Structures are given as C-alpha cells and as structure tokens.
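**Q** Just to be clear, the model below is a prediction. Sequence and coordinates:
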Amino acid sequence: MALIKACRGTEPQFGADVWLAENATVVGDVIMGDRCSVWFNAVIRGDVNSIRMGDQVNVQDGAVIHCTYEKTKTVIGNNVSIGHNALVHGCTIEDNVLVGMGAIVMDNCYIEENCIIAAGAILLENTRVESWSIYAGVPAKKVKTLSPELFAGEVQRIANNYVMYSGWFK
C-alpha cells in the first residue's frame, strides 16, 4: 500500500479510479482528480503548500512533485503525463502536457495547454511555455511547434496508455 500521510492537519484526497503504486508517497495538501496514477517511487509532497491535479494525470516512476513554503503551489491540469524521474516544483501546468523523463520544471513556470517538455529539459524559474510548443535543452527554449500528429501520437497516446497500464495493477 502506498504511503499516504497527513501533514499539518490535511490529508490527501483522491478522485475515482486512482491507482497508487505500493511504494509511491503522497503527503499533505494534495487533491487528485479521477483516473490518475502514481507510479513506483514517485513522491507528491503537499507539505509546504498545495498540490492540485486534474483528471487522468500520471506521475511516472521516480518523479517528484513539490512546491515552496508560503511562495508557490503546484497546479496540474487534465491529461498530463509527468515522465520518469521528472521534477515538477511550484508551477502551473495546463491540460494535455507531456513533461519528459528527467525534465525539471522550476518555481513559477507556467506551461500552457498542448505542449511537450522534452526529456532532460530544464525550465528555469518564471518560464512561460506557449501552447502548441515543444521546449528542450538547458535552459529549455522553444525548439518547434507541436504538430497535431505529434500531439496525438505522444501527448494523447501516453496519457491514455497510463490509464490502461494502471488497470493492470487494480
């Protein structure tokens, strides 16, 4: 069973049909929507500020979602994939976004809908990612516009697949 822990009098809340790996950790002021999944060794720490996640969000193996005390909360929209070992910290991510493996998204970043943050990318504080963009590099910059084909083949496909994968463990 996952480690689900209250902090400062607030317990995590979960929507319908959520799956948590046995060694996932969810702490404090976290509200998660429907059909979400939190995978092996992932940590979602709402101890110092709030974390809000929409529907069909997958937090893949080893990823960390956190925020900054009295400064930044984390808001994640619907249909978002947080890749293996990614770090998402004190930012806003709108709907239909893929944050690639090992990417880092820092405080006060704002990722608009329908985007890809490439594997290993580092979004520095206060970066704004415009809709239909692919950002890559260190520091991350826009490298191209996201095509409808790539959107369907990556962002949509991965989010839908993780709903299926979590069903294998339920």
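**A** Great, that's in hand.
**Q** Enumerate every residue touching the most centrally placed residue in the chain.
**A** Geometric centre of the chain, nearest residue: Ile82, 4.0 Å, by Cα atoms, centre = their mean. Ile82 is in contact with 57-60, 63, 65, 76, 88, 99, counting by Cβ atoms under 8 Å, 6 or more residues apart in numbering. For glycine as for every other residue, the C-beta is placed from the backbone atoms N, C-alpha and C.
**Q** Show me what the top strand by length along the chain is packed up against.
**A** For the chain, the longest strand by residue count, based on DSSP state E, is strand 43-53. For strand 43-53, the packing partners by 3 or more Cβ pairs under 8 Å, 6 or more residues apart in numbering; DSSP states H and E come out as strand 25-32, strand 64-66, strand 74-76.
**Q** what's the host helix or strand of Ile116 in contact with?
**A** Assigned by DSSP states H and E, Ile116 belongs to strand 115-117. Contacting residues not belonging to strand 115-117 are listed as 96-100, 103, 105, 111, 123, 129-136, 140, 146, 150, 154-155 [Cβ under 8 Å, 6+ apart].
**Q** Let's see which of these end up in strands.
**A** 97-99, 105, 111, 123, 129, 133-136.
**Q** List buried members of the residues you listed by neighbour count.
**A** Buried subset of the ones in strands among the contacts of strand 115-117 (neighbour count, 16 or more other Cβ atoms under 10 Å): 97-99, 105, 111, 123, 129, 133-136.
**Q** want to try JSON lines for those, with pLDDT and distance to Val27 as columns?
**A** As requested, these are exported to JSON lines (pLDDT from 0 to 100; distance: Cβ to Cβ, whole Å):
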{"residue": "Val97", "pLDDT": "98", "distance to Val27": "23"}
{"residue": "Leu98", "pLDDT": "98", "distance to Val27": "25"}
{"residue": "Val99", "pLDDT": "98", "distance to Val27": "20"}
{"residue": "Val105", "pLDDT": "98", "distance to Val27": "19"}
{"residue": "Ile111", "pLDDT": "98", "distance to Val27": "23"}
{"residue": "Leu123", "pLDDT": "98", "distance to Val27": "24"}
{"residue": "Val129", "pLDDT": "98", "distance to Val27": "27"}
{"residue": "Ser133", "pLDDT": "98", "distance to Val27": "32"}
{"residue": "Ile134", "pLDDT": "98", "distance to Val27": "32"}
{"residue": "Tyr135", "pLDDT": "98", "distance to Val27": "29"}
{"residue": "Ala136", "pLDDT": "98", "distance to Val27": "31"}
